[in-house]
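> need a structure here:
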Amino acid sequence: MVLSDLLTAVKAQEGVLPATYTHIADAATTEVMAGAGWIVGINLNSLGTVAAGATIYDAASAAAIAGSLEIGHPSWTTLAATPAYLPIGPDGDGLAVNNGIVIVTTGTFDITVASRAK
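Below you'll find the predicted structure:
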């Protein structure tokens, strides 16, 4: 048994739900999850345009956006290679959200968001 299998087994015993994955491939407003939970990580599948970015909101819907966390940089090319995984939160355990997760992407790039319901 490898370490990741062991961690999965322990989390299952603790009642932690598995992550769900949302793929976003263009500029859009995407409702990733409704309700309380965690955003666990973001995988940058490809860099896309230089002006690409994502703003992550703790919100129930795109109409209720308030407060945000931004990822991105005017030059994504500073990353050595894609795909690249960006864990979120201490030890990659996730960042808690109270209302849901809405992500607004700009430019054209390809990401996959990992989230977990409460």
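> from here on, just use CA atoms for contacts and neighbour counts.
OK.
> quick check: pLDDT value at residue 97.
For residue 97, the pLDDT comes out at 87.
> right, and it touches residue 56 too?
No - Residue 97 is not in contact with residue 56 according to Cα atoms under 8 Å; the separation is 10.4 Å.
> can you mark which positions in stretch 42-62 are buried?
42-48, 52-62 (16 or more other Cα atoms under 10 Å).
> any idea which strand is longest in the chain?
Identified as the longest strand of the chain according to DSSP state E is strand 37-46.
> which helices and strands does that strand pack with?
strand 84-87, strand 95-97, strand 110-117 (3 or more Cα pairs under 8 Å, 6 or more residues apart in numbering; DSSP states H and E).
> can you tell which of those is closest to residue 21?
strand 110-117 (4.7 Å; Cα to Cα).
> would you list the strands that the closest one pairs with, along with their directions?
The pairing partners recorded for strand 110-117 under DSSP bridges are strand 20-24 (antiparallel), strand 37-46 (antiparallel).
> average model confidence for it?
The model assigns strand 110-117 a mean pLDDT of 89.
> show residues contacting it.
Under the contact criterion Cα atoms under 8 Å, 6 or more residues apart in numbering, strand 110-117 has outside partners 17-26, 32-33, 35-48.
> ok, 7 Å please
Strand 110-117 has contacts (Cα atoms under 7 Å, 6 or more residues apart in numbering) with 17-26, 36-48.
> same check on stretch 36-46?
By Cα under 7 Å, 6+ apart, the list of residues contacting stretch 36-46 from outside reads 82-88, 92-100, 109-118.
> now the buried members of those residues.
Buried members of those, scored by 16+ other Cα under 10 Å, are 87-88, 94-97, 99-100, 109-117.
> do I have it right that residue 30 meets residue 103?
Yes - assessed by Cα atoms under 7 Å, residue 30 is found in contact with residue 103 at 5.3 Å.
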